[in-house]
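In: sharing a model prediction with you, sequence too.
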Amino acid sequence: MASDTSQNSPKRETMRDAARDTFSGVADTAASTMREAGSHYVAEPAKDIFSLLRDYAKDKPDVAAMWAFGLGIMVGWKLRR
């Protein structure tokens with residue numbers, strides 16, 4: 001019975017190494033895909049929003065100034081506490 005364990009050990013180690021290599025490759029691919037998706041789905045909408053706000057401020061500077069002033073008052077009030 002002890003001889004069965006010694007004969008299976010190299011095969012198990014080889015299978016374990018193959019599984020580890022496969023999992024490592026899958027994990028690397030998933031990580032790179034998530035980084036690309038994160039940069040696209042976070043950076044692109046942020047650029048779109050800021051460009052829309054910039055265009056709105058060019059069209060209606062008085063309204064944009066009042067919003068900025070009001071938000072500044074609210075943030076300052078909350079930071080005061």
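Out: Done, it's in. Residues are numbered from 1 along each chain as shown.

In: helices along this structure, start to end?
Out: 2-59, 61-80 (DSSP state H).

In: by mean pLDDT, show me the worst of the ones you listed.
Out: When those are compared on average pLDDT, helix 2-59 comes out lowest at a mean of 79.

In: and residue 39, how far from residue 12?
Out: 41 Å (Cβ to Cβ, to the nearest Å). (C-beta placed from N, C-alpha, C; glycine too.)

In: typo on my end, residue 73
Out: Distance check for residue 73 against residue 12: by Cβ to Cβ, it reads 68 Å.

In: try residue 45
Out: The spacing between residue 45 and residue 12, counted by Cβ to Cβ, is 49 Å.

In: and what of residue 78?
Out: In this structure, residue 78 lies at 60 Å from residue 12, with Cβ to Cβ as the measure.
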